[in-house]
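J.: the following block contains a protein sequence and its predicted model.
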Amino acid sequence: MQLKKVNLFANNKPMRYSAIALVVAILGAIIVANRTGWSNHWFGNIKTETTIDCPELEKGCAFNLNGKPFRIKSDIPLEPGKPFLLDIEGEIVSARAFWRMVEMDMGPNNYRLEHIAGQRWQAKVTLPPCPHGGKDWQLHLELNARAADINTRVR
């Protein structure tokens with residue numbers, strides 16, 4: 001038995017041109033997203049303006065971003081695999097949090113914070129367990145299109 005060779009585009013010029021146009025359109029969209037910074041905003045890559053150390057996030061830490069004061073706190077000590085509330089106070093219009101393990105890629109840990117009341121915003125988050133037992137984490141916090149990195153530790 002001999003297999004017959006199938007070539008989808010051999011006798012179909014419109015389909016061939018459509019496929020080429022689709023590839024060009026996708027590449028164009030990627031280039032535009034990269035040059036305008038849209039992709040950076042979408043994937044949590046707004047440039048960090050300030051970095052603070054907050055080894056015990058459950059005790060809370062204060063920081064300034066763009067001249068405005070903020071306070072961040074967790075409701076319990078951080079433990080991998082255990083959900084906790086991340087609470088932020090300050091003049092906020094939009095807030096997102098991106099957890100990163102220091103010197104290790106742990107995959108996406110992205111959260112959008114919700115407005116609770118007044119100047120309080122919250123998100124229920126969970127840090128994945130690290131197979132190597134790493135304890136150092138960094139919270140990339142985006143507030144009002146500005147960013148701060150908060151270095152912290154888990155138990």
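T.: Sure thing, it's come through.

J.: pretty sure G90 contacts G67?
T.: No: when contacts are counted by C-beta atoms under 8 Å, G90 is not listed as touching G67 (11.4 Å). Where you see a C-beta, it was placed from the backbone N, CA and C, and this is true even at glycine.

J.: when those two are compared, which one has more neighbours?
T.: Neighbour count, other C-beta atoms under 10 Å: between G90 and G67, G90 has more, with 19 against 5.

J.: ok, now how distant is that one from L113?
T.: 11 Å (C-beta to C-beta, to the nearest Å).

J.: same check on P129?
T.: Counting by C-beta to C-beta, the gap from P129 to L113 is 23 Å.

J.: got it, and K68?
T.: Taking C-beta to C-beta, one finds K68 at 16 Å from L113.

J.: neighbour count: the two, which is higher?
T.: Neighbours per residue, other C-beta under 10 Å: of K68 and L113, the larger number sits with L113, 22 against 13.

J.: next one: that one from F98, what distance?
T.: On the measure of C-beta to C-beta, L113 and F98 end up 11 Å apart.

J.: where does this structure have low pLDDT?
T.: Low-confidence segments of the chain (pLDDT under 70): 1, 6-12, 16, 19, 27-45, 105-108.

J.: now the strands for the protein?
T.: Assignment of strands within the chain using DSSP state E yields the ranges 48-53, 61-65, 68-74, 84-89, 95-101, 110-112, 114-117, 120-125, 136-143, 146-153.

J.: pull up the pairing partners for the first one, direction included.
T.: Applying DSSP bridges, strand 48-53 is found paired with strand 146-153 (parallel).

J.: starting at the chain centroid, how far to the partner strand?
T.: Computed by C-alpha atoms, centre = their mean, to the nearest Å, the chain-centroid distance of strand 146-153 equals 12 Å.

J.: which residues are contacting that strand?
T.: 46-57, 61, 63, 65-66, 70, 72, 78, 102, 135-141 (C-beta atoms under 8 Å, 6 or more residues apart in numbering).

J.: give me the buried subset of those residues.
T.: 46, 52, 54, 57, 61, 63, 65, 70, 72, 78, 137-141 (16 or more other C-beta atoms under 10 Å).

J.: and those, which two are the farthest apart?
T.: I46 and L78 (23.3 Å; C-beta to C-beta).

J.: coming back round to it: what's the closest of the buried ones among the contacts of strand 146-153 to K13?
T.: Once C-beta to C-beta is applied, the member of the buried ones among the contacts of strand 146-153 that ends up nearest K13 is I46, at 44.9 Å.

J.: done for today, thanks.
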